[in-house]
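In: pasting the sequence and the predicted model now:
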Amino acid sequence: MAEKISLVALLVGRELSPLPEESWYGSLTRISRINELTARDVRHLFFKDGRDDAEPLDTMSLRSLLGWELKYGDPPALRKLASLKEILWSETLRYCPVCMEAGYHSVWHQFVALEVCLIHACPLRKRCMCCNTTLDEYRLTPQLIGHRFRCSGCGDDIAGVAFTIDAHAAFREQAVELFVRATRYREWLLSATRHLLFLAEAKRRRRRWPVRRFAPSDADVWRGTVNLIHRFPTGCASQHRHARLLAWQVRHYRPMMQSLEVAARSRLLSAGTVWNTYCALLRQLKTAIDSRREDDCPPSLDFSDGRCVLRGTWTPEQLAFVLLRCHCESLSVLRYELDRVEALQTARLTNALANNLLHSPACRAVFISGFAALVAAARQYIRSGVFDYRVACEIPTDALSLVVAETNDIQCGVAIVADPGGVTSDLLGLRCGVDLDTIAILNSLLLAARN
């Protein structure tokens, strides 16, 4: 510690404390730039025992050595939304060129929905102005701070103009304006927990499932869902509505500690109710699909060399209809037709609803959202003309999430699905309207369970 004090005593710029809404990357990199610190110097001065781990800053040393009141880490309320971090915040460093000239980087530069600087209205960039290389991952590390606002690729200033003390001194005169401009964003974020807790829970549960690596299209779905529920502040880019929600709430009576099996025997759940719900949806889907296209010879599937080959002309909705039946029913379905439904694999429903009661609205939401997810997958299968039947019959969980909560007298749930586009949105009636009352109850149930 004594060695750190002797080194820090030589540092210039300690009086340039963090500005309103400034990130710790901006504050520490400014000190690093003024004093030409290397990554090794940064690690030694600012990080715990020279480590580079998940929460590396030596907060006690920073407070005592630099005299800054450190506010490091997320507020407790926002930690409940940790699973949405990759949805709300950019994983790549973003910056405003004018701010960067003054050695300033705002926490809001990383807010994905915001595409322009709050102060200068400049488009936020994530590439070097000199070599157009994508910037480093936004993590508070000695390497990132040690680059001193320079590109790790070409070595030039990422903003195309060098940082100067004079520019920073002039920028500090806007401190009040920085705080005021960010007010609506702070308010949005602080109120996000009570609106988006169910979404964070759905995202957290998906991490347990074997899904593909997080893809940009998937991010659009989740970001669109956030905007549907808790609209981004004025000034953010208009978010495309890539998602649809199916919400339900059911009043019931289930005595304390009563198991799902006991509830089934007491007629809160019956196989007949599930079967009727499923068959009614199949009839609705087939009628709607056939009203847009009716074939004299329905398309079919053939097996060849362990693969499934499409015979005839398929639409995504037709193929999704067959795949939904294959997923839910105990017997394979190889033709686009609606014949007798022999038996259902209710265990799949039980797992999807996390062992909550299989009320008819909940089952219907699972079936509808599963169909919508299969439509997107069916488009890919039709393009290739052949696919693995066993894989195709599984609901693609990278395009569907579901969260349910219940007490002894109420069940609430929401299915979140990528908008399949085309005629499917009209077929299913998946409009942009959102049942905010049900979502509010669901959030309160989840919050109570966590507390």
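Out: All right, it came through fine.
In: CA only for contacts and neighbour counts going forward, please
Out: Will do.
In: list the residues that contact the nearest residue to residue 159 once chain neighbours are set aside.
Out: What sits nearest to residue 159 in space, not counting adjacent residues and going by Cα to Cα, 6 or more residues apart in numbering, is residue 97, at 4.8 Å. By Cα atoms under 8 Å, 6 or more residues apart in numbering, the contact set of residue 97 is 122, 124-125, 159-160.
In: relative to residue 162, how far out is residue 97?
Out: Separation of residue 97 from residue 162 (Cα to Cα, to the nearest Å): 10 Å.
In: quick check on residue 22: phi, psi?
Out: When read as degrees, to the nearest 10, the backbone of residue 22 gives phi -80, psi 140.
In: leaving out chain neighbours, which residue sits closest to it?
Out: The nearest residue in space to residue 22 (Cα to Cα, 6+ apart) is residue 106, at 4.3 Å.
In: ok, that neighbour - how many residues close by?
Out: Residues lying near residue 106 (other Cα atoms under 10 Å) number 25.
In: next, the contact list for residue 181, please.
Out: Listed by Cα under 8 Å, 6+ apart, the contact set of residue 181 reads 118-119.
In: ok, it to residue 218 distance?
Out: Distance, residue 181 to residue 218, by Cα to Cα: 31 Å.
In: which SSE is immediately downstream of the longest helix seen in the chain?
Out: In the chain, with assignment by DSSP state H, the single longest helix is helix 360-384. Toward the C-terminus, helix 360-384 is succeeded by strand 386-387 as the next helix or strand (DSSP states H and E).
In: partners of that next one, with directions?
Out: According to DSSP bridges, strand 386-387 forms sheet pairs with strand 307-311 (antiparallel).
In: any of the contacts of residue 97 buried? List them.
Out: Neighbour-count burial (16 or more other Cα atoms under 10 Å) applied to the contacts of residue 97 gives 124-125, 159-160.
In: pLDDT for those - can I get that in TSV?
Out: Compiled in TSV, the buried ones among the contacts of residue 97 are given as follows (pLDDT from 0 to 100):
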residue	pLDDT
124	95
125	95
159	94
160	92
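In: what about the helices in the stretch 351-451 of the chain?
Out: 360-384, 389-392, 424-428, 436-450 (DSSP state H, counting those that start in this stretch).
In: show me what the first one is packed up against.
Out: If contacts are counted by 3 or more Cα pairs under 8 Å, 6 or more residues apart in numbering; DSSP states H and E, helix 360-384 sits against strand 243-251, helix 271-292, helix 316-328, helix 346-352, strand 400-406, strand 410-418, helix 424-428.
In: dump those into CSV; add mean pLDDT and mean neighbour count as well.
Out: CSV is the format used below for those (pLDDT from 0 to 100; neighbours: other Cα atoms under 10 Å):
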stretch, mean pLDDT, mean neighbour count
strand 243-251, 85, 22
helix 271-292, 86, 15
helix 316-328, 91, 24
helix 346-352, 77, 15
strand 400-406, 84, 24
strand 410-418, 86, 24
helix 424-428, 65, 16
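In: adding distance to residue 137, write the ones you listed out as CSV.
Out: Formatted as CSV, those follow (distance: least, Cα to Cα, whole Å):
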stretch, distance to residue 137
strand 243-251, 27
helix 271-292, 45
helix 316-328, 38
helix 346-352, 35
strand 400-406, 27
strand 410-418, 27
helix 424-428, 37
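In: so which of those comes closest to residue 201?
Out: Closest approach to residue 201 among the helices and strands packed on helix 360-384 (Cα to Cα): strand 400-406, 7.0 Å.
In: what about the closest one, distance to the chain center?
Out: Using Cα atoms, centre = their mean, to the nearest Å, the distance from the centre of strand 400-406 to the centre of the chain it belongs to is 15 Å.
In: about what we covered before: roughly how far is the longest helix of the chain from the heart of the chain?
Out: 20 Å.
In: just want the angle from that helix to strand 243-251.
Out: Following axes from the mean of the first three to the mean of the last three Cα atoms, to 10 degrees, one obtains 160 degrees for the angle between helix 360-384 and strand 243-251.
In: let me see the mean pLDDT of helix 360-384.
Out: Averaged across helix 360-384, pLDDT comes to 88.
In: what residues sit buried inside that helix?
Out: So helix 360-384, judged by 16+ other Cα under 10 Å, has buried residues 360-379, 381-382.
In: run through who's touching that helix.
Out: Helix 360-384 has contacts (Cα under 8 Å, 6+ apart) with 246-250, 273-274, 277-278, 281, 310, 314-317, 319-321, 323-324, 349, 352-353, 387, 392, 395-396, 399-400, 413-420, 424, 428.
In: hey, what's in contact with both of residue 97 and residue 162?
Out: Joint contacts of residue 97 and residue 162 (Cα under 8 Å, 6+ apart) do not exist.
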